[in-house]
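Trainee: Sequence plus predicted model, see below.
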Amino acid sequence: MNLEQQLIQRLQSLSPSHLEVVNESSGHGGYFPGKESHFKVVVVSDAFEGLRLVQRHQKIYAAAGDLLSPGAIHALAIHAFVASEWQGQATASPECAHAPKSK
């Protein structure tokens, strides 16, 4: 099972009503086909009710566990919402300073 699939499986523990996991590795330096190092997650869950943003992120880090270790996921962009906040917001990621350059 690849890292993306493992991350999806682990985030299911938060009982999300919406879950989006995007492998953004191709936009970062050192990319090669199949690389899994940079991800973005959008998680909508009642598990975040009453929690501050940092506490929501901590829940996601706890669910991801050892996937956030050297040699696995290097960067994780997190967008965590409760259902009443989620309106299908755009969650674009910024360009990486070390992204592969177009020729």
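Mentor: Ah, there it is.
Trainee: next helix or strand past the lengthiest helix in the chain?
Mentor: The residue-count maximum for a helix in the chain (DSSP state H) belongs to helix 53-64. Per DSSP states H and E, helix 53-64 leads on to strand 75-81 as the next helix or strand towards the C-terminus.
Trainee: one step back: buried ones in the longest helix of the chain, by neighbour count?
Mentor: Using 16 or more other C-beta atoms under 10 Å as the test for burial, helix 53-64 gives 56, 57, 59, 60, 63, 64. (C-beta placed from N, C-alpha, C; glycine too.)
Trainee: who's in contact with the second one?
Mentor: Contact criterion C-beta atoms under 8 Å, 6 or more residues apart in numbering gives 78, 80 as the residues in contact with residue 57.
Trainee: repeat that for 10 Å
Mentor: Residues counted as contacts of residue 57 (C-beta atoms under 10 Å, 6 or more residues apart in numbering) are 48, 51, 76, 78, 79, 80.
Trainee: Hmm, which of these is lowest in pLDDT?
Mentor: Least confident of those in the model: residue 76, at 91.
Trainee: Per-residue confidence at the closest residue in space to that residue that isn't next to it in sequence, what does it come out as?
Mentor: Counting by C-beta to C-beta, 6 or more residues apart in numbering, residue 39 is the residue found nearest to residue 76 once chain neighbours are left out, at 5.4 Å. The confidence metric pLDDT takes the value 89 at residue 39.
Trainee: Give the burial count for residue 39, as a bare number.
Mentor: Using other C-beta atoms under 10 Å, residue 39 has 23 neighbouring residues.
Trainee: Residue 24 too?
Mentor: 17.
Trainee: And it, how close does it get to residue 83?
Mentor: 25 Å (C-beta to C-beta, to the nearest Å).
Trainee: re earlier: could the buried residues of helix 53-64 be laid out in JSON lines, adding distance to residue 17 and pLDDT?
Mentor: Below are the buried residues of helix 53-64 laid out as JSON lines (distance: C-beta to C-beta, whole Å; pLDDT from 0 to 100):
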{"residue": "56", "distance to residue 17": "14", "pLDDT": "98"}
{"residue": "57", "distance to residue 17": "18", "pLDDT": "97"}
{"residue": "59", "distance to residue 17": "15", "pLDDT": "98"}
{"residue": "60", "distance to residue 17": "15", "pLDDT": "98"}
{"residue": "63", "distance to residue 17": "15", "pLDDT": "97"}
{"residue": "64", "distance to residue 17": "19", "pLDDT": "96"}
